[in-house]
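Colleague: quick one: sequence and predicted model below, then my questions.
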Amino acid sequence: MTTRWKRMTERVQLKGEHIQQYFHSKVKLCLKLNLDAAEIIEQVLIGLWSKDLFSAMSGRVHANVDALLHDIIEYEHKVGQRQERARAQANAGPSTSRRSSNESQATSATERPNARVNNAVSKRPQTNEQGEPRCFNCQAYGHISRNCRESSRIVHRTAIVNNTKFEAFIDPGSAACIMKISSAVINQLQIQYETTDLKSFGPSEFRVISPAYVIVNIKIDNATVSNIKCRLVSDENLPVEILVGRPFTDHETVKYVKEGDTLTFFQVDVPLTAPGLHLRARTDVTMLPNSINFIEIASSDGSCRVPATGNYPVSTRIKEGASIGRGEIAELPVLTIVPEKRPIKMEEIVIGERRRITESRRRTARYNK
């Protein structure tokens with residue numbers, strides 16, 4: 001558990017690393033520690049490279065991890081648009097800024113079609129500070145999706161849904177599994193009505209209303225996951241019968257291997273883990289830098305004092321009630337109690353008449369030891 005916690009806290013966003021790659025990697029490490037949504041959001045924000053992004057996201061309330069990712073992507077999209085507009089104004093030269101307000105107001109109707117051209121230009125790929133375009137496929141800078149060497153993020157496969165074959169998209173980046181309403185009706189699936197907004201990455205208007213859902217079993221290759229909540233959308237919003245997302249691909253019993261443009265899924269056994277305890281600081285404590293400190297922790301089963309290493313360059317204050325981590329409950333081995341043996345006396349050792357008394361004492365001490 002200590003190793004997992006250290007690996008999770010040391011996982012921070014590297015300079016130039018795409019936010020989605022860092023986000024999913026960090027979340028998986030947090031899930032292995034059984035952290036709740038609030039703790040995962042806190043750890044993701046702590047590891048961000050950008051201070052501005054950290055400040056912007058810390059001031060918002062996020063219902064879950066997916067809402068945080070949506071806000072981060074939307075924030076980066078807006079920042080990219082602002083940077084692009086600033087570069088466009090800088091490239092326009094000083095003559096543009098010299099236009100008077102009268103000239104701006106005197107724009108004729110014949111010039112308005114140019115706005116369409118400007119809008120078309122603004123839809124070009126997002127660029128970084130060096131002017132390199134971002135690839136919509138792998139999200140890296142330096143090329144566009146047409147020239148991307150990586151395979152498509154969405155893979156076409158055949159999925160078995162409740163013993164029926166479905167044409168499917170495999171999208172490990174999707175937070176939900178989504179199905180056409182017509183597919184649910186044709187296959188006579190039990191529809192449960194519950195309206196939900198499905199948000200996409202990008203502007204806030206990129207969203208779809210899902211009026212209902214179905215509970216299904218999905219099988220791809222040799223991997224099967226039961227009781228998956230699959231959202232329903234209108235047919236025009238989904239080009240295939242079902243989109244298979246993280247409820248299947250990130251399930252604890254599913255592993256997949258990517259070979260070229262193909263994903264192969266396998267069923268794995270879930271290792272049995274001991275029940276965990278949520279550990280919190282019982283009192284305020286200051287962690288001294290690069291030293292071993294003692295923290296009073298409390299859980300539902302009581303409290304105790306444990307040593308903790310402060311691998312920080314400066315002192316860090318932990319407030320009362322702050323989450324320290326999770327512990328595992330383990331049963332201590334049964335110790336066999338052996339009654340103490342009677343010590344051997346010197347007169348009980350027979351060493352012969354020729355041996356000296358010192359030899360007798362030496363052997364007595366050795367036997368008792």
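Modeller: Everything's here; your move. Residues are numbered from 1 along each chain as shown.

Colleague: quick one, strands of the stretch 151-300 of the chain?
Modeller: All strands of the stretch 151-300 of the chain, identified by DSSP state E, counting those that start in this stretch, fall at 155-161, 164-170, 177-180, 192-199, 207-220, 223-233, 242-244, 254-259, 262-267, 276-281, 285-287, 291-299.

Colleague: list the contacts of Ser303.
Modeller: Arg282, Glu296, Ile297 (Cβ atoms under 8 Å, 6 or more residues apart in numbering). (Each C-beta comes from the backbone N, C-alpha and C, glycine too.)

Colleague: so which residue is smack in the middle of this structure?
Modeller: Residue closest to the mean C-alpha point of the chain, counted by Cα atoms, centre = their mean, is Val27 at 1.5 Å.

Colleague: and it, which helix or strand is it part of?
Modeller: Val27 belongs to helix 19-32 when assigned by DSSP states H and E.

Colleague: send me the helix or strand just after that helix as PDB with only the CA atoms.
Modeller: The first helix or strand that comes after helix 19-32 along the chain, using DSSP H and E, is helix 37-46. The C-alpha trace of helix 37-46 is given here as PDB (Å, rounded to 0.1, in the frame of the first residue of the first chain):
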ATOM      1  CA  ALA A  37     -14.100  11.000  -6.100                       C
ATOM      2  CA  ALA A  38     -13.200  14.000  -4.000                       C
ATOM      3  CA  GLU A  39      -9.800  12.600  -3.200                       C
ATOM      4  CA  ILE A  40      -9.100  11.700  -6.800                       C
ATOM      5  CA  ILE A  41     -10.000  15.200  -8.000                       C
ATOM      6  CA  GLU A  42      -7.700  16.700  -5.300                       C
ATOM      7  CA  GLN A  43      -4.800  14.500  -6.300                       C
ATOM      8  CA  VAL A  44      -5.300  15.200 -10.100                       C
ATOM      9  CA  LEU A  45      -5.200  18.900  -9.400                       C
ATOM     10  CA  ILE A  46      -2.100  18.700  -7.200                       C
END
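
Colleague: contacts for helix 37-46?
Modeller: Under the criterion Cβ under 8 Å, 6+ apart, residues 8-9, 12, 23, 26-27, 30-31, 35, 54, 57-58, 62-65, 68, 323 lie in contact with helix 37-46.

Colleague: pull out the buried positions in the following helix or strand past it.
Modeller: Note on helix 37-46: by DSSP H and E, the next helix or strand toward the C-terminus is helix 51-58. Neighbour-count burial for helix 51-58 flags Leu53, Ala56, Met57 (criterion: 16 or more other Cβ atoms under 10 Å).

Colleague: and stretch 284-294, what's buried?
Modeller: For stretch 284-294, by 16+ other Cβ under 10 Å, it's Val285, Met287, Asn293.

Colleague: need the residues that contact that stretch.
Modeller: For stretch 284-294, the external contacting residues (Cβ under 8 Å, 6+ apart) are 295-296, 305-320.

Colleague: which stretch of helix or strand covers the nearest residue to Ala56 once chain neighbours are set aside?
Modeller: Residue nearest to Ala56 in three dimensions, not counting chain neighbours: Tyr75, with 5.7 Å by Cβ to Cβ, 6 or more residues apart in numbering. If you go by DSSP H and E, Tyr75 is part of helix 65-92.

Colleague: helices and strands around that helix, which ones?
Modeller: helix 19-32, helix 37-46, helix 51-58, strand 192-199 (3 or more Cβ pairs under 8 Å, 6 or more residues apart in numbering; DSSP states H and E).

Colleague: any chance of JSON lines for the ones you listed, columns mean pLDDT?
Modeller: Formatted as JSON lines, these follow (pLDDT from 0 to 100):
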{"stretch": "helix 19-32", "mean pLDDT": "87"}
{"stretch": "helix 37-46", "mean pLDDT": "89"}
{"stretch": "helix 51-58", "mean pLDDT": "84"}
{"stretch": "strand 192-199", "mean pLDDT": "86"}
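
Colleague: got these as CSV, with distance to Ser182 columns?
Modeller: Formatted as CSV, those follow (distance: least, Cβ to Cβ, whole Å):
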stretch, distance to Ser182
helix 19-32, 31
helix 37-46, 34
helix 51-58, 38
strand 192-199, 16
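
Colleague: which one of those lies closest to Cys230?
Modeller: Across these, Cys230 has its closest neighbour in strand 192-199 (10.6 Å, Cβ to Cβ).
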